[in-house]
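Trainee: predicted model, plus sequence, below.
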Amino acid sequence: MKTLYFITGNKGKLLEAKKRFSKINFEIIQKDIGYPEIQADSLEEVALFGVNDIQKRFDKPFFLEDAGLFIDSLNGFPGVYSAYVFYKIGCSGILKLMEKYEGNKRKACFRSVIVYKGLNKDPEIFIGESYGLISKISIGDYGFGYDPIFIPENEKRTFAQMETDEKNRFSHRGKSLNKLINYIKN
Ligand code: ITT
């Protein structure tokens with residue numbers, strides 16, 4: 001079985017990547033070796049900076065990912081600050097900020113930016129997006145992070161009400177992982 005390293009400290013992301021890659025008989029191995037998450041305007045910049053840092057001290061093919069939730073009515077907040085905001089105010093804090101918004105005013109987008117670094121190759125970027133709405137209440141036990149308050153388009157359930165394989169079919173990460181897999185297969 002082939003292997004590929006995923007530089008992450010997030011168990012939820014790891015499980016999603018493991019599930020998706022198991023379908024092409026690839027084993028994903030977690031490397032929780034950390035990297036500086038710089039303050040930048042885009043997920044791409046954060047992820048590329050991370051790859052640059054990791055490649056100096058890790059010599060096997062790897063990928064890492066920066067992800068975020070962008071809420072329209074909050075001008076894209078928490079966006080690049082998603083990890084910090086989740087740690088500080090969590091899903092309940094976001095629901096509070098969204099209290100006065102109804103219907104389409106609750107639109108949001110999850111973005112995933114994966115950067116893959118092959119040996120002696122330039123970094124390759126794969127992006128996935130999932131559009132949806134911020135729910136009125138937090139619901140569901142699967143997943144992680146903002147999953148209990150995000151309802152993807154054409155669905156009534158939140159990501160946290162979907163098992164991993166199902167979330168992967170709709171999600172930002174499912175899409176960016178599909179692109180990475182296509183690249184690796186070719
Ligand atoms: P890394 O070690 O991979 O960087 P992280 O938890 O720091 O893991 P990010 O900075 O990429 O991850 O993600 C920002 C936050 O956005 C993260 O803490 C989660 O709370 C949230 N998030 C990211 N992807 C998510 C998803 O698929 N579902 C729900 N919340 C998500």
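Mentor: Okay, I see it.
Trainee: residues in contact with the helix or strand K167 falls within?
Mentor: Counting by DSSP states H and E, the element that carries K167 is helix 164-170. The contact list for helix 164-170, computed with CB atoms under 8 Å, 6 or more residues apart in numbering, reads 15-16, 19-20, 130, 142-143, 147, 152, 155, 159, 162, 174, 177. (Each C-beta comes from the backbone N, C-alpha and C, glycine too.)
Trainee: of all those, which comes closest to the ligand?
Mentor: Set against the ligand, the nearest of the contacts of helix 164-170 by CB to the nearest ligand atom is D147 (4.3 Å).
Trainee: what distance do you get for S135 to the ligand?
Mentor: Separation of S135 from the ligand (CB to the nearest ligand atom, to the nearest Å): 13 Å.
Trainee: isn't that residue up against F150?
Mentor: Yes - assessed by CB atoms under 8 Å, S135 is found in contact with F150 at 7.1 Å.
Trainee: between the two, what contacts are shared?
Mentor: T158.
Trainee: so where do the strands sit in this structure?
Mentor: In the chain, the strands defined using DSSP state E lie at 2-7, 26-31, 62-71, 107-117, 124-134, 150-152.
Trainee: per-residue confidence for the residue with the largest distance to the centre of the chain?
Mentor: Note on the chain: the largest C-alpha distance from the chain mean falls to K100, namely 27.0 Å (CA atoms, centre = their mean). pLDDT recorded at K100 is 97.
Trainee: what about stretch 27-35, near the ligand?
Mentor: No - judged by CB under 6 Å from any ligand atom, stretch 27-35 stays clear of the ligand, getting no closer than 7.4 Å.
Trainee: so can I have CSV of the strands of the chain showing mean pLDDT, distance to V46 and mean neighbour count?
Mentor: Converted to CSV, the strands of the chain look like this (pLDDT from 0 to 100; distance: least, CB to CB, whole Å; neighbours: other CB atoms under 10 Å):
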stretch, mean pLDDT, distance to V46, mean neighbour count
strand 2-7, 96, 13, 16
strand 26-31, 97, 18, 15
strand 62-71, 98, 4, 24
strand 107-117, 98, 8, 23
strand 124-134, 98, 12, 19
strand 150-152, 98, 21, 23
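Trainee: okay, the ones you listed in JSON lines with distance to K56 next?
Mentor: As requested, the strands of the chain are exported to JSON lines (distance: least, CB to CB, whole Å):
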{"stretch": "strand 2-7", "distance to K56": "13"}
{"stretch": "strand 26-31", "distance to K56": "14"}
{"stretch": "strand 62-71", "distance to K56": "12"}
{"stretch": "strand 107-117", "distance to K56": "11"}
{"stretch": "strand 124-134", "distance to K56": "18"}
{"stretch": "strand 150-152", "distance to K56": "35"}
